[in-house]
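Participant: next input, structure requested:
(one chain, ligands or ions: 2)
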Amino acid sequence: MKQTADFINEDLIWKLLEEGRKASPSQVEAIIEKARQFKGLTAAEVAVLLQVGDQTLLDNMYGVARDVKEHIYGKRVVLFAPLYLSNECVNNCLYCAYRHDNKEIARKTLTDAEIIEECKYIEEMGHKRIVIESGEHPGKAPIDYICNAIKTIYKTTNKNGSIRRVNVNIAATTVDEYKQLKEAGIGTYTLFQETYHRETYRNMHPSGPKADYDWHTTAMDRAMEAGIEDVGVGVLFGQFDYKFEIVAIMLHAQHLEEKFGVGPHTISVPRIRKAQGSQLQDLPYAVDDASFKKIVAIIRLAVPYAGIILSTRERPEARDEFLSMGVSQVSAGSCTGVGGYSKASRGEQGEEGENTAQFETEDNRSPDEVVQSICRSGYIPSYCTACYRQGRTGDRFMQLAKSGEIQDVCAPNAILTFKEYLMDYASPETKAIGEAAIVEHVKALKDAKIRKQVEEELEKIEHGVRDLYY
Ligand code: SF4
Ligand code: SF4
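Facilitator: Ligands and ions are numbered 1, 2, ... in the order given. Sure, this is the predicted structure:
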């Protein structure tokens, strides 16, 4: 029998938001204090924080979000790149350039040879972790195509470069197809809800399989039933009231935790951007920077163990600020077109009539520049993929994340993978900045035994050894 997404109860969401408005400052403080203990928050508590307008309380909230992030994940910021496989799509999402009825973009599905070529460009930027993206098209990009792409990517190497974790962002599908993805070696399965509000969802998704709200919203249930342990959720902010969306994310996380014992591994926070041929004229629910900062901080307090992912949709200055608020993963050097990396290297990006991009990016810095900026802000870029390869997934990962013990592996792994990056890909300027950062982050390792071990492993990397991890 078809599952309905009754765990997203709209009446309850509005009721919680209404009650949240009545909370006193001391109640707000008590909730922030609870979050400081890394206990996470309930949907009702999140609804209270969403209604806070007082600057002193907001500043308190931001400070605690920073502390929570550093307690759980330390100073590391994980880097990744998207790889767009196909922009063929049978759906018609109004905000997306890939929608079926859009005649303004060139359609393309990468061949095996093109996937290898794209992969090599991504590896040349130093990336070890990618997320593959594809429109939904059972004819042009069926599940066999996606699984074959994953295997091809894992097999493709370029000098010292290899992709060690392939995350997948494709349309909602059946338990059987999710099983195939798992067998192909998927890292995290990510699917953005776009909006949890049924009526808005209906308007934004007029046709195609994705128009079915229940099918889309219960996708993570099927993925987890198929044995995929790490799933990533997200909202495309700007379609509906962000306060409603955040409480809904909480209900979704709570549902997964109750049913499978594991909540979302990651939460993505994209904001709607311009897209060629988009049907959206005005955006009454556009989220400004101040509200966006609040969104990131509240998610960090509410679901402390989840990775928060920010894409190159955000401006560089804003991305750096959100890092301190709780973001733990960022994309860098992204191309959002199919075959975009190879084209960019040939200077063809944006050529008239040949646009294949899903949306416009705001952060067009090279990975090298992003790395420098992360170091300057006191963080350390990480190319780590260790948990997935060590079997630290699902509830095994969650136990470590919830207790903050994950930091004991995150920090050494960030140092070792960043050292590899500096040796193999960095410009001389980045190398100097990065080496200085490594010295500081090694000093900050609390356990003397681990510090010594990391120092020895850094030596080995200097002498050509690669892929060391905890
Ligand atoms: Fe297709 Fe996804 Fe774009 Fe919708 S958002 S049109 S499903 S590619
Ligand atoms: Fe992510 Fe695990 Fe590596 Fe930490 S150790 S960065 S949680 S893969």
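Participant: ok, now how distant is Asn60 from ligand 1?
Facilitator: Note on Asn60: its distance to ligand 1, by CB to the nearest ligand atom, to the nearest Å, is 37 Å. In this view, the C-beta of every residue, glycine as well, is placed from N, C-alpha and C.
Participant: and the strands in the stretch 1-150 of the chain, which stretches?
Facilitator: 76-86, 129-134 (DSSP state E, counting those that start in this stretch).
Participant: and ligand 1, which of those is closest to it?
Facilitator: For ligand 1, the closest of the strands of the stretch 1-150 of the chain is strand 129-134, at 7.5 Å, according to CB to the nearest ligand atom.
Participant: is the closest one in proximity to ligand 2?
Facilitator: No. Strand 129-134 does not reach ligand 2 (CB under 6 Å from any ligand atom); its nearest approach is 8.5 Å.
Participant: does that strand reach ligand 1?
Facilitator: No. Under the criterion of CB under 6 Å from any ligand atom, ligand 1 is not reached by strand 129-134; the shortest gap measures 7.5 Å.
Participant: what is the mean pLDDT for that strand?
Facilitator: Averaging pLDDT along strand 129-134 yields 96.
Participant: what angle separates that strand from strand 76-86?
Facilitator: Here strand 129-134 runs at an angle of 30 degrees relative to strand 76-86 (axes from the mean of the first three to the mean of the last three CA atoms, to 10 degrees).
Participant: partner strands of strand 129-134, with direction?
Facilitator: Paired strands of strand 129-134, with direction, are strand 76-86 (parallel), strand 165-169 (parallel) (DSSP bridges).
Participant: before we move on, the earlier item: let's have the strands of the stretch 1-150 of the chain in CSV, adding mean neighbour count.
Facilitator: Below are the strands of the stretch 1-150 of the chain laid out as CSV (neighbours: other CB atoms under 10 Å):
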stretch, mean neighbour count
strand 76-86, 25
strand 129-134, 23
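Participant: got these as CSV, with distance to Phe240 columns?
Facilitator: Shown next, in CSV, are the strands of the stretch 1-150 of the chain (distance: least, CB to CB, whole Å):
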stretch, distance to Phe240
strand 76-86, 25
strand 129-134, 23
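Participant: next, format the strands paired with strand 129-134 as TSV and append distance to ligand 2 and mean pLDDT.
Facilitator: Converted to TSV, the strands paired with strand 129-134 look like this (distance: least, CB to the nearest ligand atom, whole Å; pLDDT from 0 to 100):
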stretch	distance to ligand 2	mean pLDDT
strand 76-86	5	95
strand 165-169	8	97
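Participant: right, so of these, which gets closest to Gln27?
Facilitator: Set against Gln27 and scored by CB to CB, these come closest in strand 76-86, at 33.3 Å.
Participant: can you show me the CA trace of that closest one as PDB?
Facilitator: Extracted in PDB, the C-alpha atoms of strand 76-86 (Å, rounded to 0.1, in the frame of the first residue of the first chain):
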ATOM      1  CA  ARG A  76      37.100  21.000  10.000                       C
ATOM      2  CA  VAL A  77      35.100  22.100   7.000                       C
ATOM      3  CA  VAL A  78      34.500  19.200   4.500                       C
ATOM      4  CA  LEU A  79      34.800  20.100   0.800                       C
ATOM      5  CA  PHE A  80      33.100  18.500  -2.100                       C
ATOM      6  CA  ALA A  81      32.100  19.100  -5.700                       C
ATOM      7  CA  PRO A  82      28.900  18.300  -7.600                       C
ATOM      8  CA  LEU A  83      29.000  16.300 -10.900                       C
ATOM      9  CA  TYR A  84      26.000  16.800 -13.200                       C
ATOM     10  CA  LEU A  85      25.400  13.600 -15.200                       C
ATOM     11  CA  SER A  86      22.200  14.500 -17.100                       C
END
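Participant: burial count for the nearest residue to Ala65 once chain neighbours are set aside?
Facilitator: Nearest residue to Ala65, sequence neighbours excluded (CB to CB, 6 or more residues apart in numbering): Ala297, at 3.8 Å. Counted with other CB atoms under 10 Å, residues neighbouring Ala297 total 26.
Participant: in this structure Ala297 contacts Asp59, no?
Facilitator: No. Ala297 is not in contact with Asp59 according to CB atoms under 8 Å; the separation is 10.3 Å.
Participant: how many neighbouring residues does Glu10 have?
Facilitator: Number of residues near Glu10 (other CB under 10 Å) recorded here: 15.
Participant: the one 5 residues further on too?
Facilitator: The tally of other residues near Lys15 (other CB under 10 Å) stands at 14.
Participant: for Asn148, same thing?
Facilitator: Count around Asn148 with other CB under 10 Å applied: 14.
Participant: model confidence for the residue nearest to it when sequence neighbours are not counted, exactly?
Facilitator: Using CB to CB, 6+ apart and skipping the chain neighbours, the partner closest in space to Asn148 is Asp112 (7.4 Å). Looking at Asp112, its pLDDT stands at 97.
Participant: what number of residues lie near Asp112?
Facilitator: The local packing of Asp112 (other CB under 10 Å) involves 12 other residues.
Participant: how about Ser403?
Facilitator: 12.
Participant: so which elements touch the helix or strand of the chain with the lowest mean pLDDT?
Facilitator: For the chain, the helix or strand with the lowest mean confidence is helix 340-345, at a mean of 79 (criterion: mean pLDDT, DSSP states H and E). In terms of contacts (3 or more CB pairs under 8 Å, 6 or more residues apart in numbering; DSSP states H and E), helix 340-345 is packed against helix 112-124.
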